[in-house]
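[1] sequence first, then the predicted structure:
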Amino acid sequence: SSAGDVTFNDKVIIDGAVSIDTDNTGNTTATDGIIKFTTSIQSETNDTDSLTLTSGAGTITLVEVGGSSKPLTSFVATSNALTISNDITTTGLIDINAPITLGADVALSSGTGAGDIELGSTVIGPHNLNISSGSGAVTITGDIGAVSSNALTTLIINYGSETGNVTLTGNIGSDSLTGAGQVVIGNNGLTGTITFGGTDYNTTGSQSYIADAYSMTGANPDFNTDNDNISFEDGGITLATTSNLEVNTGSTTVGNINIEGAIAGTSDGTNTTIKLEAGTGSVSLAGMSTDIGNVTLDGSGGITLNGSITTSGGNIDIDDPTTIGGAVVLTTAGGTVDFASTIIGNSQHFDINSGSGAVSIGGTIGGNSPLASLDINKTSGSGAITLNDIGDSNTQGVTGTSNIGNATTTTLTLAGTTYKTDEVTYTTKAGENIDLTAEADTTFTTSDDDITFGTGTVDMADGSNLIINTGTGGGAIELPGGVMGTSSENI
């Protein structure tokens, strides 16, 4: 223990538990000494050799600590500033309570056991940082790379066979600064949870996260790249009450978003919103449920829905061509459902339950690849429904049964010219509420299957001539509400 500076100019061998303290406790910080190692620190016995450094306001400078052949049992450092220019290797705890500046590429390794790695403050420096904790936990409390010109080149955490939890309490960068180039956290064997407690995760390169579970506890977490991919693999994502989630790879640039697990809010009655913006890239996601508010999905490279989405009254807004990747049900409890483009059926079952919310599908349904079935507010829900074409001249849009609307549906607007399905029922409440608006021949076709227009009257707009063809095999045609024209349309 000393109030002066301590400098080591040759290799340091640690034998037993060693503590170096230059923090002049009780006096002004001006008298705190620095601790400086100009070369490596190694263990004597590879057994119980540990090092604790405390410098108060004095800085600590490290080169290599431990090394693969002579790791320390543990390493603890407490300081107002710490520069690391080489690796730190232990068989147990690494605990650094100091703002860290990387002076070169650095690897922190606590071995294959349960040694935790705890970084209690910020990390900056234009270099690579690789962290490996075995089955121990990794915690980084401060912001990463959130100083101009000091973003990390890469940040890699437990991208091997490690299994421990990873917690980022702070940010990577900020809302206006990128904090790293590429980020890779986790691996396919990571059975723990990756927790994001910050608000901004901003990088120039790709972000890849792999874990059995994700927890987002910060207010409005925002993941951003500069034209590069963001992926959350394997596990599901749990959002805290305040964690409205945005993932953005650029509004006009290429960068794919892939979320393999389901997203869930916190069951407390407070909705969390979700926005996934991939620019000209693609979006692929599993599903969402539990106190989810508005959902916006945008990526002109295509949207793939691999699971169901349930909102608590929030709207679902999907802006680009959408592939149904599995059996999918969209449920909004009164929120609207809006597809701005086509739906690629992929031979899957697709249901929409919007309650009083309007449903609009602006593109062709099943034009290149049919759905196995299609139900929209089949049993209940008064929301207005607007559909463009189902199928096209070459493809039957739905190969199984379809049910569009019910006896309480306010209006059903059929704005296309082609409706090629299997057995189908179009239903609204009584009145002139099944509206054909294409102002051109509107053709409904099945292959020997029934077509029913239930309860509501079919109302043909000017020029919307009605053509119904169920083939020669006996498909019935039912129009119990009748048909009305505007200017002598043909039937």
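    Looks like it came in fine.
[2] where are the low-confidence patches of the stretch 1-150 of the chain?
    1-3, 25-30, 46-47 (pLDDT under 70).
[3] try 90
    1-4, 23-32, 44-48, 56-57, 63, 66-70 (pLDDT under 90).
[4] name the strands paired with the strand ranked longest in the chain and say parallel or antiparallel.
    Assignment by DSSP state E gives strand 50-62 as the longest strand of the chain. Each strand that pairs with strand 50-62, with its direction, by DSSP bridges: strand 17-21 (parallel), strand 35-37 (parallel), strand 74-84 (parallel).
[5] and the following helix or strand past the longest one, what other elements does it pack with?
    Looking back up the chat, that one is strand 74-84. Towards the C-terminus, the helix or strand next in line after strand 74-84, according to DSSP states H and E, is strand 88-89. Secondary structure elements in contact with strand 88-89, counted by 3 or more C-beta pairs under 8 Å, 6 or more residues apart in numbering; DSSP states H and E, are strand 106-109. Every residue, glycine included, has its C-beta placed from N, CA and C.
[6] for the strand it packs on, packing partners?
    Of the remaining helices and strands, those touching strand 106-109 by 3+ C-beta pairs under 8 Å, 6+ apart are strand 88-89, strand 128-132.
[7] including mean neighbour count and distance to I144, could the strands paired with strand 50-62 go into CSV?
    As requested, the strands paired with strand 50-62 are arranged in CSV below (neighbours: other C-beta atoms under 10 Å; distance: least, C-beta to C-beta, whole Å):
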stretch, mean neighbour count, distance to I144
strand 17-21, 15, 27
strand 35-37, 22, 24
strand 74-84, 21, 14
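[8] out of these, nearest to T45?
    Ranking those by proximity to T45 (C-beta to C-beta) places strand 17-21 first, at 12.0 Å.
[9] residues making contact with the closest one?
    S1, S2, V6, I35, T48, D49, S50, L51, T52, L53, T54, S55 (C-beta atoms under 8 Å, 6 or more residues apart in numbering).
[10] pretty sure G454 sits against K429.
    No: G454 is not in contact with K429 according to C-beta atoms under 8 Å; the separation is 10.1 Å.
[11] got the buried residues for stretch 326-336?
    Burial within stretch 326-336, assessed by neighbour count using 16 or more other C-beta atoms under 10 Å, is assigned to V328, L330, T331, T332, G334, G335, T336.
[12] dump stretch 86-97 to PDB, restricted to CA.
    Output for stretch 86-97, consisting of C-alpha atoms alone and laid out as PDB, is shown next (Å, rounded to 0.1, in the frame of the first residue of the first chain):
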ATOM      1  CA  ASN A  86      -3.300  -7.000 -23.900                       C
ATOM      2  CA  ASP A  87      -5.200 -10.000 -22.700                       C
ATOM      3  CA  ILE A  88      -6.400 -10.800 -19.100                       C
ATOM      4  CA  THR A  89      -6.700 -14.500 -18.400                       C
ATOM      5  CA  THR A  90      -7.800 -16.100 -15.100                       C
ATOM      6  CA  THR A  91      -9.500 -19.300 -13.900                       C
ATOM      7  CA  GLY A  92     -12.000 -17.300 -11.900                       C
ATOM      8  CA  LEU A  93     -13.400 -13.800 -11.300                       C
ATOM      9  CA  ILE A  94     -12.400 -10.700 -13.400                       C
ATOM     10  CA  ASP A  95     -13.800  -7.600 -11.700                       C
ATOM     11  CA  ILE A  96     -12.900  -4.200 -13.100                       C
ATOM     12  CA  ASN A  97     -14.400  -1.200 -11.500                       C
END
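[13] off-centre distance for it?
    Averaging C-alpha coordinates over stretch 86-97 and over its chain gives two centres that are 32 Å apart (C-alpha atoms, centre = their mean, to the nearest Å).
[14] stretch 251-267 now?
    Here the centre of mass of C-alpha atoms in stretch 251-267, compared against the chain's by C-alpha atoms, centre = their mean, lies 3 Å away.
[15] just to revisit the earlier point, nearest to T290, out of the helices and strands packed on strand 106-109?
    Closest approach to T290 among those (C-beta to C-beta): strand 128-132, 32.1 Å.
[16] setting aside sequence neighbours, what's the nearest residue to the residue nearest in space to the middle of the chain?
    Relative to the mean C-alpha position of the chain, the nearest C-alpha, by C-alpha atoms, centre = their mean, is the one of I259, at 4.9 Å. The shortest distance from I259 to any residue that is not its chain neighbour, by C-beta to C-beta, 6 or more residues apart in numbering, is 4.3 Å, and that residue is L285.
[17] now the one you found: how far from I434?
    From L285 over to I434 the distance is 34 Å, taken as C-beta to C-beta, to the nearest Å.
[18] same thing with I237?
    Relative to I434, I237 is positioned 41 Å away (criterion: C-beta to C-beta).
[19] which strand residues bridge D298?
    The residues paired with D298 through beta bridges, assigned by DSSP bridges, are E277.
[20] same thing with the one 4 residues further on?
    The bridge-partner assignment for G302, based on DSSP bridges, gives S282.
[21] surely it meets I257?
    No: contact criterion C-beta under 8 Å: G302 and I257 do not qualify, at 11.2 Å.
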